[in-house]
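Colleague: Got a predicted structure here, sequence first:
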Amino acid sequence: MTAAFFSAKGRRAGAALGALSAGLLVLTACEKPTPLATVTVNSDSVNTEATCYNDGKAIKENEIQPCLNKKAEKTITVAIDDKVRFGVDPEIAENGWTLFINGQQAEQEPYKKTYRTIPASAFFTSQTGQTSNTTQVSIVETSGKKLTGIWHFEFKKDS
C-alpha cells in the first residue's frame, strides 16, 4: 500500500512554486534588448540593435572610437536620387541623436524626433568632393555631451 505524502493541494502549490522559480531563473538569464534603429529606402528596410550600448548610460571614452570603427552588419542599397528615412525608438529620440558618416560626426545638434528623411546624395560625397560606392552611416544617441548608443548601417550605392 502506498501512502500519499502530500495532498493534491500541496502538490499543486509545490508545482506552482517550482514553475515560478524556473520562470524567474529564465528571466534573469535574458538580456534586455537594445532600442532599435531603422533605415528605409523606397520599400526596403533594415533595422538593427545597437553595436554599442550601456543600458542608456554613457559609453566609456576609450570604447567610443573602436565602436565607431566597427563594421556595420546591416546593408541597404541606395540610389543617389533616393530619399533615406531614419527611424529610432522613442527613448533614443528623447535623449537626441546625430548621424556620423564613416566615423565622423556629420551634424552638430542632436535631433529629437523619432523619424527624419535625408537625400541619399548627402551620404556619398565627402567633404573633399570625392565620391564612394559604400558609406557607413551611424546613428549615435547622445545624452548631453555623452554618447550612449551607436547603431551602424552600410549604404551601398546602386549602380
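Modeller: Arrived safely, thanks for sending. Numbers count the residues shown, from 1 in each chain.

Colleague: Considering this protein, which strand comprises the largest number of residues?
Modeller: strand 146-157 (DSSP state E).

Colleague: Pairing partners for that strand, with directions?
Modeller: Using DSSP bridges, strand 146-157 pairs in its sheet with strand 52-53 (antiparallel), strand 75-78 (parallel), strand 134-143 (antiparallel).

Colleague: State the phi and psi torsions of T48.
Modeller: phi -150, psi 160 (degrees, to the nearest 10).

Colleague: The nearest residue to it once chain neighbours are set aside: how many residues sit nearby?
Modeller: Among residues not flanking T48 along the chain, K74 sits closest, at 4.8 Å (CB to CB, 6 or more residues apart in numbering). In this view, the C-beta of every residue, glycine as well, is placed from N, C-alpha and C. Per other CB atoms under 10 Å, the neighbour tally for K74 reads 15.

Colleague: just the helices in the chain please.
Modeller: 8-29, 61-69, 90-95 (DSSP state H).

Colleague: For the nearest residue to G149 once chain neighbours are set aside, which residues are in contact?
Modeller: Sequence neighbours aside, E141 is the residue nearest to G149 in space, at 3.8 Å (criterion: CB to CB, 6+ apart). For E141, the contacting residues are 35, 50, 88, 92, 95-97, 147-150, by CB atoms under 8 Å, 6 or more residues apart in numbering.

Colleague: please redo it, this time with the cut-off set to 6 Å
Modeller: Counting by CB atoms under 6 Å, 6 or more residues apart in numbering, E141 touches 92, 95, 97, 148-149.

Colleague: again, but for V140
Modeller: Taking CB under 6 Å, 6+ apart as the contact definition, V140 lies against 98, 100, 147, 150.
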